[in-house]
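Trainee: I would like to see how this sequence folds:
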Amino acid sequence: MPRIQLLGRHLRLLEKFLDKMQIRLLHATRIENLESILEHGLVPISHAKFSKLQSPLINDSTRSLHGANCLSIGWPNTKTLATWGPIGSFAIIEVERTILLRKAWFSFPTNSSSKECLDAYAKNPAAFCGVDALANLFLDSAVTNTGREVKRETLGIPIGLPNDPQAEVVIDELIEPWWFAKVIFPTAATLDQFTSLGINHKVENLVCDPRAFAPRLDSRTWSRGERVSLADWQRSSV
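Mentor: Predicted structure coming up:
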């Protein structure tokens, strides 16, 4: 993925938007991956360090089609997690939102590994970067690939959650451990089991929050395979 770095006025606008929308960036991974992640960070496949890992991460977002680090916005992509295995076997790493002010990134209105997103990104990467591209994930309404109109007010989508539960930010750079704000575990037992390992790490905030692994409140309104239409999103981006 190319590097598109925001500067000057664009960077200041982005900082204001991140604070206004209370953006939270979340990366879900299997609990057995945590020791490696807390030591090495989130390593994209494109990084030289990835091939040197003793055991490449399994069922992780770095296994997406593009191989970069995928971060869900505001809520984990529970539909994807459900295809990987029991939700209770995963932890969620919250990444400081200010990372978007320091590293190159792209935002996608739906799953970044979808063919529609990959094709559109290949033609015009710049369309997926910057505060406008990120803001378009939170439009008052959007149209899905089934032709259904999604209205935030009707669905009760709160601030900080994008229209499509599969919307995400992609960073094709190493995300060092110091960017990790907290690690969230699904049960007290999994948290206790992890802390009992005595792993040396610098993430002070380890918490148990089963609610963080539940489906989004509007999840039942999304049929199988339905997602925000990229064609409609692109018209909004012009």
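Trainee: going forward, measure contacts and count neighbours with C-alpha atoms only.
Mentor: Fine.
Trainee: what ranges does this protein have for its strands?
Mentor: Secondary structure of the chain (DSSP state E): strands at 25-30, 69-73, 90-95, 106-108, 141-143, 149-151, 168-171, 180-185, 206-208.
Trainee: would you reformat those as a markdown table and include mean pLDDT?
Mentor: Listed next are these as a markdown table, based on pLDDT from 0 to 100:
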| stretch | mean pLDDT |
| --- | --- |
| strand 25-30 | 94 |
| strand 69-73 | 94 |
| strand 90-95 | 95 |
| strand 106-108 | 94 |
| strand 141-143 | 92 |
| strand 149-151 | 92 |
| strand 168-171 | 94 |
| strand 180-185 | 96 |
| strand 206-208 | 94 |
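Trainee: can you put these in JSON lines and add distance to Arg9 and mean neighbour count?
Mentor: Formatted as JSON lines, the strands of the chain follow (distance: least, C-alpha to C-alpha, whole Å; neighbours: other C-alpha atoms under 10 Å):
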{"stretch": "strand 25-30", "distance to Arg9": "23", "mean neighbour count": "24"}
{"stretch": "strand 69-73", "distance to Arg9": "24", "mean neighbour count": "26"}
{"stretch": "strand 90-95", "distance to Arg9": "24", "mean neighbour count": "24"}
{"stretch": "strand 106-108", "distance to Arg9": "18", "mean neighbour count": "25"}
{"stretch": "strand 141-143", "distance to Arg9": "27", "mean neighbour count": "19"}
{"stretch": "strand 149-151", "distance to Arg9": "31", "mean neighbour count": "16"}
{"stretch": "strand 168-171", "distance to Arg9": "21", "mean neighbour count": "25"}
{"stretch": "strand 180-185", "distance to Arg9": "27", "mean neighbour count": "21"}
{"stretch": "strand 206-208", "distance to Arg9": "36", "mean neighbour count": "16"}
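Trainee: out of those, nearest to Thr195?
Mentor: strand 206-208 (8.8 Å; C-alpha to C-alpha).
Trainee: so what does the closest one touch, helix or strand wise?
Mentor: Here strand 206-208 touches strand 180-185, helix 188-195, going by 3 or more C-alpha pairs under 8 Å, 6 or more residues apart in numbering; DSSP states H and E.
Trainee: just put the ones you listed in JSON lines and tack on distance to Asn145.
Mentor: Formatted as JSON lines, the helices and strands packed on strand 206-208 follow (distance: least, C-alpha to C-alpha, whole Å):
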{"stretch": "strand 180-185", "distance to Asn145": "33"}
{"stretch": "helix 188-195", "distance to Asn145": "38"}
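Trainee: reformat the strands of the chain as TSV; add distance to Leu38.
Mentor: Shown next, in TSV, are those (distance: least, C-alpha to C-alpha, whole Å):
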stretch	distance to Leu38
strand 25-30	12
strand 69-73	15
strand 90-95	10
strand 106-108	24
strand 141-143	37
strand 149-151	38
strand 168-171	17
strand 180-185	9
strand 206-208	12
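Trainee: right, and the ones you listed - which one's nearest Asp132?
Mentor: Of all those, strand 106-108 comes closest under C-alpha to C-alpha, at 10.0 Å.
Trainee: just the terminal-to-terminal distance for stretch 151-162.
Mentor: One end of stretch 151-162 to the other measures 11 Å (C-alpha to C-alpha, to the nearest Å).
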